[in-house]
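S.K.: Here is my input, please return the structure:
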Amino acid sequence: MPTIAQRLRQSYYASQAYHNKLRKHAYDGRRGVPPDPVGGNAADAAAICDGNFRLLERLMHLGDVPWNAPQVADRERERLHRFLFLDDLRADGSEASRDKARDLVMRWITAHGRWHPLAWRSDVLGARLAAWLRAFSFVTDGAEERIAKSMDDSIRLQAAHLPRAVEAGNSGSVTFDAAEGLLTAGITLRGYEDLIDQGITQLAKAIDTNVLADGCHMTGNPIIQIAALERLLRIHAVLSAGQVPMPARLISAIETMVPAIRTHLLGDGLLTRLNGCPEGDEATIKRVLAASGLRAKAVMGLSRGGVSRLQCGQVTVVMDTGAAFAASRTPGGHAGLFAFEMSHRKKRIIVNCGAHPDPRNPWHSSLRATAAHSTVIINDTNAAPLGPDAAAAPMEDTQVIVRRNEHEGSQFVQAVHGGYRRLFAVSVSREIYVSANGDDVRGRDSISFDEDILSGAKAPKPAEESAARFHLHPDVSVSQTADGGFYLRASPTAIWRFRSAGGTATLEDSVYVLDNGTVRRTQQIIVRARLKPEPTTIKWSLRLENT
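M.R.: Okay, the predicted model is just below:
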């Protein structure tokens, strides 16, 4: 609910007097087109020309006025008002794409050329302003004079309002979008140079808010991190072109974000599906990383981001070793602490169930649960609260401790968490080892009771059962062995043998939800064990039997 001051401000922004004031801002032409080291996705251009826009990780038909389509949720409407699809049309470069870009810009100016609470919000406005400035020549070259004049006039008005919107703090969060808009406009438009200092200040705030010391994004979601890196690379290019002193914090952020993103990649070059992250688009991931110009390799562990990576031979294992409660507090975050994914060559073998892109879909909440992840679950209960209860959860209960080691090429990670301490008075540890040549992956999952809690005045109900779940990629075929294990065939030349001890292993149904929301049927191995007063240990191994 807006305050009285906010309502008065919005009323003023919507007035003709304010619109006239924006028109009076000094303007003396432009300094060309800002550089774009990243580019867009030309593959989507034909779809956009037909009225199909990529939302919720899939193409949706939204027609000629996409931001007014009734089926679009508010957060997706924001994305449409950002106009990032102009980069895709510009990357294609065809006349059809140019005509579509002109049509969309002119339709938007007609509908939203004056202040609007969503379309002119600081983060939305900043992203759109930068996108329009990048695409100005593409849209206006060869166009009627009225199109160039309308776009130029609208850019000037938006640039004049952006610093006021930033000062009002009406975006609800500190993002890179407003900073990118301020800096791109300040360097590109003569008469708007005063935006540069504010842009540098906003950039510093955004980096401090969103980028952790190890280069991870504060949400723990690498797909958001890639989008943030894309903006930082464009900001870097614009500052360089404008000969503005480069902030050291910007250089440092880029240099740490690149290896952090690589840490999340499996053998197929796509992202692990940890904490609600989609696999992503390979072309986009490659384009953004290439634009950085850095050859930085993945790192073994991201302590702040909560990710551990084991890579030996042709096997890659990535494990979530972050704070479960911190993840569950994040919108769309998952309760998949200690979940891992494993790939061999370019094939995924052990996975998590994924994330549904539409928060309104029932799958969205179901996939956030611990059971939807390849990890240990106690009494079929989430390792961290989800929904309204997450904000009140005590962070200290998580108590994640991680130890990593490497010896003669083999790699090892051990982690302990207390996500179940308050509920069941147990702590959970997981160890994963990968041999030097990558043909032997072993794990040990241990559950121990905390006697101090059990003997306390408010002792929780004792836990009864643990289950280690191993969700399999849909392309993996499974057959049972004579000793109760399983053969996992990921490709015609690679068979992995799964064995376990300390519990009863069964093969059960599971799902794998693609980035666009498509649900694929698959299977999971579940190793169940009854808990005893002494520590309960489940051992498991995956060994390559055929190549």
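S.K.: Return the set of buried residues in the helix or strand Lys100 falls within.
M.R.: Counting by DSSP states H and E, the element that carries Lys100 is helix 95-112. Within helix 95-112, the residues that count as buried by 16 or more other CB atoms under 10 Å are 97-98, 100-102, 104-106, 108-109, 112. C-beta: built from backbone N, CA, C; applies to glycine.
S.K.: At which residues are the strands of the stretch 351-500 of the chain located?
M.R.: Counting by DSSP state E, counting those that start in this stretch, the stretch 351-500 of the chain has strands at residues 376-378, 401-407, 410-417, 426-434, 440-449, 465-472, 477-480, 486-491, 494-501.
S.K.: Relative to Asp194, which of these is closest?
M.R.: Across those, Asp194 has its closest neighbour in strand 401-407 (46.8 Å, CB to CB).
S.K.: Would you give the sheet partners of the closest one, along with the direction of each?
M.R.: strand 410-417 (antiparallel) (DSSP bridges).
S.K.: could you give the mean pLDDT of the partner strand?
M.R.: Averaged over strand 410-417, pLDDT sits at 95.
S.K.: now do stretch 250-262
M.R.: pLDDT averaged over stretch 250-262 gives 97.
S.K.: Find the nearest non-adjacent residue to Ile432, please.
M.R.: Nearest non-adjacent residue to Ile432, counting by CB to CB, 6 or more residues apart in numbering: Gly443, 5.0 Å away.
S.K.: now Gly354
M.R.: Gly354 sits nearest to Val513 (CB to CB, 6+ apart), 3.9 Å away.
S.K.: What are the contacting residues of stretch 58-71?
M.R.: Here stretch 58-71 makes contact (CB atoms under 8 Å, 6 or more residues apart in numbering) with 44, 47, 50-55, 72, 77, 80-81, 103-104, 107-108, 111-112, 119, 357, 515-517.
S.K.: now with 6 Å?
M.R.: 47, 51-53, 77, 80-81, 107, 516 (CB atoms under 6 Å, 6 or more residues apart in numbering).
S.K.: Equivalent analysis for stretch 201-218, please.
M.R.: Taking CB under 6 Å, 6+ apart as the rule, stretch 201-218 contacts 174-176, 178-179, 224-225, 228, 249, 253, 256-257, 260, 302, 304-305.
S.K.: Among these, name the buried ones.
M.R.: Buried among the contacts of stretch 201-218 by 16+ other CB under 10 Å: 174-176, 178-179, 224-225, 228, 253, 256-257, 260, 302, 304-305.
S.K.: one step back: which two among the contacts of stretch 58-71 are spaced furthest apart?
M.R.: Arg107 and Asn516 (26.6 Å).
S.K.: Of the buried residues of helix 95-112, which is the nearest to Glu545?
M.R.: Ser97 (50.7 Å).
S.K.: surely the closest one meets Leu89?
M.R.: Yes - if you go by CB atoms under 6 Å, Ser97 and Leu89 touch, sitting 4.0 Å apart.
S.K.: which residue is nearest the centroid of the chain?
M.R.: The structure's the chain has its C-alpha centroid closest to Ile223; by CA atoms, centre = their mean the separation is 2.8 Å.
S.K.: gap between that residue and Gly280?
M.R.: Distance, Ile223 to Gly280, by CB to CB, to the nearest Å: 5 Å.
S.K.: Tell me the first helix or strand C-terminal of the worst-scoring helix or strand of the chain on mean pLDDT.
M.R.: The weakest-scoring helix or strand in the chain, judged by mean pLDDT, DSSP states H and E, is helix 324-329 (a mean of 54). Sequence-wise, the next helix or strand downstream of helix 324-329 (DSSP H and E) is strand 340-344.
S.K.: List the buried residues for that following strand?
M.R.: Neighbour-count burial for strand 340-344 [16+ other CB under 10 Å]: 340-344.
S.K.: Quickly name whichever of those is closest to Glu193.
M.R.: Among the buried residues of strand 340-344, and counting by CB to CB, the member closest to Glu193 is Glu341, at 48.0 Å.
S.K.: hang on, the closest one packs against Thr272?
M.R.: Yes - under the criterion of CB under 6 Å, Glu341 makes contact with Thr272 at 4.7 Å.
S.K.: intersection of neighbour lists for the two?
M.R.: Val318.
S.K.: Which among the contacts of stretch 58-71 count as buried?
M.R.: 47, 51-53, 77, 80-81.
S.K.: Export these to TSV and append columns for secondary structure, pLDDT and distance to Arg404.
M.R.: Below are the buried ones among the contacts of stretch 58-71 laid out as TSV (DSSP: H, G, I helix; E, B strand; the rest coil; pLDDT from 0 to 100; distance: CB to CB, whole Å):
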residue	secondary structure	pLDDT	distance to Arg404
Ala47	helix	97	44
Gly51	coil	97	50
Asn52	strand	97	45
Phe53	strand	96	42
Arg77	helix	94	43
Leu80	helix	97	43
His81	helix	97	44
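S.K.: Show me which of those is closest to Ala335.
M.R.: Arg77 (29.0 Å).
S.K.: quick one: contacts for that closest one?
M.R.: Trp67.
S.K.: Alright, that wraps it up for me.
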